[in-house]
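**Q** here is the input, now give the coordinates:
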Amino acid sequence: MSKIAKLFRWSKKVEIKDGDKVLDTVYIRLVGDAEFQDAKIVALSHSKRLRVLLRDKSTDEYEANFSDLTSLTRDELIMGVTFGEIPDYRDEGLLTLPEKDPPELPDNPTLEQQEEHETKLEELRTERAKALTEFIEKRADERKVEIGGEEDIEKLREMYVHAAINMKCSEEFTRSFREYQIFTGTYVDNKFKTLAFDSFDEFDGCAPQLKNQLMVAYINLEVSGDELKN
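**A** Sure thing, here's the model as predicted:
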């Protein structure tokens, strides 16, 4: 493998700690395109499985989330619907809002030019995030007015359940997608030959404190990789 190829296999040594005590050492690297696609497939299967459970009124998952449905007021149902639909508003905003082209750097830019370029990029990111937030808030307000005229309380409950299921499945997809990447990127050796976990189920069931340490390490690698690419 060439030095350039190795450069783009970002990796780091990670000490697993309990307070100040080092319990173990693992090695993390960013995953490639194939593992990225595997993570998507696994995440889709997890979100689909959760959706099936949440739609079945005989399951513990349905009971845990919707057992008090009849006690919710109209306002609470409407608020729940709009909250559950936020991912949809966000996706709509990303497709609808125009995105400004980033400024171009000249050839062989000076350090000062690079600093100014990064400042402009950050301003664009902040501006877009603000516009997206305002779009989501506007759509939520419009949706509240739209469904506020619904007189059938049972219809509102159905809408509430539908929106809540979509939200929870979206969260499950995001969680599984990220955690599968970390599972396939964590090794016991610095040659990246042996995975630290025997299966994703084993990783999925490990202590939250361990997951959090690996998550932080992986995200820091991603940030370092983005900085290197820039």
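**Q** ok, now which ones touch Thr96?
**A** Phe135 (C-beta atoms under 8 Å, 6 or more residues apart in numbering). (Glycine included, C-beta is placed from N, CA and C.)
**Q** give me phi/psi at it?
**A** The phi and psi values for Thr96, taken as degrees, to the nearest 10, are phi -90, psi -40.
**Q** repeat for the one 4 residues further on
**A** Reported as degrees, to the nearest 10, the phi and psi values for Lys100 are phi -70, psi 140.
**Q** do the same with Val26
**A** phi -130, psi 170.
**Q** isn't it right up against Tyr187?
**A** Yes. Val26 is in contact with Tyr187 according to C-beta atoms under 8 Å; the separation is 6.5 Å.
**Q** which of the three states applies to Glu127?
**A** Using DSSP: H, G, I helix; E, B strand; the rest coil, the three-state assignment for Glu127 comes out as helix.
**Q** leaving out chain neighbours, which residue sits closest to it?
**A** Lys100 (7.8 Å; C-beta to C-beta, 6 or more residues apart in numbering).
**Q** tell me the pLDDT at the one you found?
**A** Turning to Lys100, the model gives it a pLDDT of 88.
**Q** surely it and Arg125 touch.
**A** No. At 10.4 Å, Lys100 does not count as touching Arg125 under the criterion of C-beta under 8 Å.
**Q** for the helix or strand containing Arg49, C-alpha coordinates in PDB please.
**A** Using DSSP states H and E, Arg49 maps to helix 33-55. Output in PDB follows, covering the C-alpha atoms of helix 33-55 (Å, rounded to 0.1, in the frame of the first residue of the first chain):
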ATOM      1  CA  ASP A  33     -17.400   2.700   1.200                       C
ATOM      2  CA  ALA A  34     -18.200  -1.000   1.500                       C
ATOM      3  CA  GLU A  35     -18.600  -0.900   5.200                       C
ATOM      4  CA  PHE A  36     -20.600   2.300   4.900                       C
ATOM      5  CA  GLN A  37     -23.100   0.500   2.700                       C
ATOM      6  CA  ASP A  38     -23.200  -2.400   5.100                       C
ATOM      7  CA  ALA A  39     -24.000   0.000   7.900                       C
ATOM      8  CA  LYS A  40     -26.900   1.400   5.900                       C
ATOM      9  CA  ILE A  41     -28.300  -2.100   5.200                       C
ATOM     10  CA  VAL A  42     -28.100  -3.000   8.900                       C
ATOM     11  CA  ALA A  43     -29.600   0.300  10.000                       C
ATOM     12  CA  LEU A  44     -32.500  -0.200   7.600                       C
ATOM     13  CA  SER A  45     -33.200  -3.600   9.000                       C
ATOM     14  CA  HIS A  46     -33.200  -2.300  12.500                       C
ATOM     15  CA  SER A  47     -35.500   0.600  11.700                       C
ATOM     16  CA  LYS A  48     -37.900  -1.800   9.800                       C
ATOM     17  CA  ARG A  49     -37.900  -4.300  12.700                       C
ATOM     18  CA  LEU A  50     -38.800  -1.500  15.200                       C
ATOM     19  CA  ARG A  51     -41.500  -0.200  12.900                       C
ATOM     20  CA  VAL A  52     -43.200  -3.600  12.800                       C
ATOM     21  CA  LEU A  53     -43.100  -3.900  16.600                       C
ATOM     22  CA  LEU A  54     -44.400  -0.300  17.100                       C
ATOM     23  CA  ARG A  55     -47.300  -1.000  14.800                       C
END
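**Q** alright, I will stop here.
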